[in-house]
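Novice: need coordinates for the below:
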Amino acid sequence: MPRKANQNASRAATLHDVAGKVGVSAITVSRALNSPDLVSEKLREQILAAVDELGYVPNRSARTLVSSRSHTVAVLIPSLSNTVFIDTLAGINEVLDPKGYQILIGNTAYDDEKEERLLRAYLSHAPDGVLLTGTRQRPEMRQRLARLGIPAVHMMELDPSNERFCVGFSQDEAGRQITRHLLDRGYKRIAFFGARLDPRVMQRLDGYRKALQAAGCYAPELEYLNPRPSRIGMGVEMLEVLRQEHPDCDAVFCCNDDLALGVLTGCHRTGIKVPEQLAVAGFNDLEGAAWAMPTLTSVRTPRYKVGFEAASLLLGLMEGQTPAQKQLDLGFELRLRGSS
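Specialist: Residues are numbered from 1 along each chain as shown. Okay, the predicted model is just below:
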């Protein structure tokens, strides 16, 4: 006589199956999966164990239809390898993960058109909110988000018009202050090394120009700009060209620490004394800056906090809250070390 087939073998486990396994209501299971901070740790572990045992897969589409919420957030950043944005993602995750949100991460590769394509694709998932890097998105995309009722927060920059929700700092002012520091130390022939040339790099360049123009020291021939991705080797190469073309240059402000570490490497190879013959300043204050020889002067940026505060602001918007202000300026800090 043939064995009776397992009636449950041909169907997927349901929320009610998990609830029955643990001995709680389906609402409690849903709460544990979607808002885990509202359930005790012990109960949450029991529910997750039952989910694993039964192979239950939440139907996010169905949940969206019922609640009008997808519990997803789209996050668009320009790089998945740049430490700056890895730190920012860590801050975002710290806020959204405990609230049960899934993060859809898109790498725009510093390409405006790709960013728009990704955003259009992610809108098909009906995200509850969007986190964007910078403020250069086209008005059409902002209007589309507004029509759909999807809140968006912009990271890393501030909006001069104060029309958008932003968490960041003034890239322009950061560039101005680090250049002002070099001027205060007595350097006059200050070069600028820039790579990638994304909007934030160009804002730092604007700050550099403003500081030098105010001091009567601006020399456009000392700007070295390369649209290719930044790397330490590029800093070495830029230094070689600078020394050939302008041997009287006495300081360099690099748009990031990669280029600055390359400049320090080039100086060490060629016997240029830092800062006696050439002062060097970077940007972002990555971990290697404090361990360079000599230690690197840089601008410390609040990368993790930008992600944390941007996600917190977005969380409030998604919950219908009205923030007291649209922009949160987290500032920056000059880390003055041996290279200047």
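Novice: and the strands in the stretch 101-250 of the chain?
Specialist: Ranges of strands within the stretch 101-250 of the chain are 102-107, 129-133, 152-156, 166-168, 190-195, 223-226, based on DSSP state E, counting those that start in this stretch.
Novice: so in that sheet, which strands flank the fifth one, and in what orientation?
Specialist: Partners of strand 190-195 in the sheet, by DSSP bridges, are strand 223-226 (parallel), strand 251-254 (parallel).
Novice: mind listing residues that contact it?
Specialist: By Cβ atoms under 8 Å, 6 or more residues apart in numbering, the surrounding residues in contact with strand 190-195 are 179, 182-183, 201-202, 204-205, 208, 212, 217, 222-231, 234-235, 238, 242, 246, 249-256, 258-260, 263. C-betas here are computed from N, CA, C, even on glycine.
Novice: re the thing from before, reformat the strands paired with strand 190-195 as JSON lines; add distance to Leu33, mean neighbour count and mean pLDDT.
Specialist: Below are the strands paired with strand 190-195 laid out as JSON lines (distance: least, Cβ to Cβ, whole Å; neighbours: other Cβ atoms under 10 Å; pLDDT from 0 to 100):
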{"stretch": "strand 223-226", "distance to Leu33": "48", "mean neighbour count": "16", "mean pLDDT": "98"}
{"stretch": "strand 251-254", "distance to Leu33": "47", "mean neighbour count": "29", "mean pLDDT": "98"}
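Novice: I'd like these as a markdown table, with distance to Ala109 appended.
Specialist: Compiled in a markdown table, the strands paired with strand 190-195 are given as follows (distance: least, Cβ to Cβ, whole Å):
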| stretch | distance to Ala109 |
| --- | --- |
| strand 223-226 | 17 |
| strand 251-254 | 22 |
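Novice: how is this structure carved up into domains?
Specialist: 15-58, 70-169+303-333, 171-300 (automatic domain parsing).
Novice: and those as CSV, adding distance to Ser339?
Specialist: Shown next, in CSV, are the domains of the chain (distance: least, Cβ to Cβ, whole Å):
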stretch, distance to Ser339
domain 15-58, 45
domain 70-169+303-333, 16
domain 171-300, 4
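Novice: in the protein, which ranges drop under the pLDDT threshold?
Specialist: 1-11, 34-35, 57-68 (pLDDT under 70).
Novice: would you list every one of the helices in it?
Specialist: 15-22, 26-34, 41-54, 60-67, 83-96, 112-123, 139-148, 171-184, 199-215, 232-245, 257-270, 303-318 (DSSP state H).
Novice: quick one, which of the contacts of strand 190-195 are buried?
Specialist: 179, 182-183, 201-202, 204-205, 208, 212, 217, 222, 224, 226, 230, 234-235, 238, 242, 249-256, 258-260, 263 (16 or more other Cβ atoms under 10 Å).
Novice: list the contacts of the closest residue to Gly282 other than its chain neighbours.
Specialist: The shortest distance from Gly282 to any non-neighbouring residue, by Cβ to Cβ, 6 or more residues apart in numbering, is to Ala260 (3.1 Å). Residues near Ala260 by Cβ under 8 Å, 6+ apart: Phe193, Gly235, Val252, Cys254, Val280, Ala281, Gly282, Phe283, Ala289, Leu296, Ser298, Ser339.
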